[in-house]
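>>> Whatever this is, show me its structure:
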Amino acid sequence: MNRLATLCAAGLLAVLPLANAQAQAQAQAYPNGPVKFIVPYPAGGSTDIIGRLIGQNLSDNWKQPVVVENRTGASGAIGTSAVIGAPADGYNLLMGITVLIQMPHLKNDLPYDALRDLTPISQVALSTDLLAVSNNVPANTLDELIALVKANPKKYSYGSYGNATSSHIRGETLNREAKIDMTHVPYRGSAPMLADLMGGHLPIAFVDVGSAYGHLNSGKFKVLAVSGTQRLPFLPNAPTMLERGYKGFEPYGWFAVFVKAGTPKEIVDKLSREVSAIVKKPEISAKLVELGLVPVGGSSEDLAAAMKRDSEIWGRLIQGGGIKLE
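Purely as a prediction, here's the structure:
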């Protein structure tokens with residue numbers, strides 16, 4: 001038996017270098033054909049713009065087509081399911097956003113678990129939400145707004161860019177933290193919500209910075225505070241919610257690249273290096289900043305750690321707000 005065990009161990013040791021060599025060769029050859037980049041949201045939005053930026057640069061680097069495909073619906077679940085259902089070979093990439101880690105806390109019958117079924121590649125950019133008010137709201141600071149809403153119970157509503165989205169979670173967190181009672185008005189996206197805010201038809205809104213960025217100098221609304229842990233350089237006078245004493249607004253929204261779990265580590269590492277290097281290119285960083293975003297880059301491990309941390313935070317906020325995606 002000892003001799004048999006020794007022979008088996010020797011055989012395994014002989015095979016391992018061969019397997020490693022094959023894996024390295026596979027990674028070096030990757031990609032040797034077209035790569036599909038799934039964006040689970042409509043064309044023209046921030047996720048689509050970022051996906052096309054990254055995809056075009058990957059194509060230029062690889063001299064291979066990277067085809068962006070918009071697979072929309074079910075809050076991103078349709079496009080995400082398409083990547084998870086594809087082979088784990090690195091030829092199907094996903095442009096994912098924060099909802100990937102929010103969704104398990106919002107819906108019980110998801111066909112996948114993002115933390116289990118996807119492998120992170122690299123975080124691309126961070127996004128913040130702005131607490132904005134219409135010009136006809138008599139408040140110029142967050143403290144003034146809270147006092148106004150408290151003095152007028154059930155009079156003021158806040159808009160979100162959709163039910164069970166980050167902005168909905170922010171609104172219910174503020175209701176709870178400030179002990180106020182704003183009524184939630186969900187919109188089908190940021191564009192119609194922003195139009196109502198600027199037109200004076202919606203008093204208060206949590207709007208994503210990417211959608212609001214081009215209108216910040218319009219003079220049609222006031223930004224009273226921002227989510228995240230740091231002030232935005234282009235809104236230096238808008239404090240963070242945390243600065244004003246309100247907790248639960250620390251996690252950022254993010255855009256990131258993923259592949260199916262089980263993709264060979266050599267390919268994951270190669271993709272991670274490629275995407276991170278693209279994000280750090282001055283012209284790409286500049287375009288992300290033009291969208292109001294903070295460029296990140298970084299490794300697969302960095303993104304995995306951020307997902308785990310943020311998933312726990314979003315989970316507490318969603319539960320605390322009693323938010324569900326029906």
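>>> Show me where this structure has its strands.
Secondary structure of the chain (DSSP state E): strands at 35-39, 66-70, 92-97, 118-127, 129-134, 157-160, 183-186, 204-208, 221-226, 253-260, 294-297.
>>> Looking at these, which is nearest to Tyr246?
With Cβ to Cβ as the measure, strand 221-226 is the member of those nearest Tyr246 (8.2 Å). Any C-beta I mention is one placed from the backbone N, CA and C, and that applies to glycine too.
>>> Just want the angle from that closest one to strand 204-208.
Angle, strand 221-226 to strand 204-208, by axes from the mean of the first three to the mean of the last three Cα atoms, to 10 degrees: 70 degrees.
>>> And the helices in the stretch 201-326 of the chain?
Secondary structure of the stretch 201-326 of the chain (DSSP state H, counting those that start in this stretch): helices located at 209-212, 265-280, 282-290, 300-321.
>>> Need the winner for burial among the ones you listed.
Neighbour counts (mean count of other Cβ atoms under 10 Å) averaged over each of the helices of the stretch 201-326 of the chain peak at helix 209-212, with a mean of 24.
>>> Would you pull up how far it lies from the middle of the chain?
With Cα atoms, centre = their mean, to the nearest Å as the basis, helix 209-212 stands 14 Å off its chain's centre.
>>> for that helix, packing partners?
In this structure, helix 209-212 packs against strand 129-134, helix 190-198, with contacts taken as 3 or more Cβ pairs under 8 Å, 6 or more residues apart in numbering; DSSP states H and E.
>>> Determine which of those approaches Gly45 most closely.
Across the helices and strands packed on helix 209-212, closest to Gly45 is helix 190-198 (Cβ to Cβ), at 8.8 Å.
>>> before we move on, back to that, adding mean pLDDT and distance to Gly45, write the helices of the stretch 201-326 of the chain out as TSV.
Shown next, in TSV, are the helices of the stretch 201-326 of the chain (pLDDT from 0 to 100; distance: least, Cβ to Cβ, whole Å):
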stretch	mean pLDDT	distance to Gly45
helix 209-212	92	8
helix 265-280	97	19
helix 282-290	96	14
helix 300-321	95	21
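>>> quick one: which of these is nearest Arg188?
Smallest distance to Arg188 across the helices of the stretch 201-326 of the chain (Cβ to Cβ): 12.9 Å, for helix 209-212.
>>> Check what contacts the closest one and list those residues.
46, 127-130, 132, 161, 190-191, 194, 223, 226, 232, 291-293 (Cβ atoms under 8 Å, 6 or more residues apart in numbering).
>>> out of those residues, which are buried?
Among the contacts of helix 209-212, those buried by neighbour count (16 or more other Cβ atoms under 10 Å) are 46, 127-130, 132, 161, 190, 194, 223, 226, 232, 291-293.
>>> Nearest to Ala277 among the contacts of helix 209-212?
Using Cβ to Cβ, the contacts of helix 209-212 come closest to Ala277 at Leu293, 17.7 Å.
>>> my read: the closest one touches Leu126, true?
Yes: Leu293 is within contact range of Leu126, at 6.5 Å (criterion: Cβ atoms under 8 Å).
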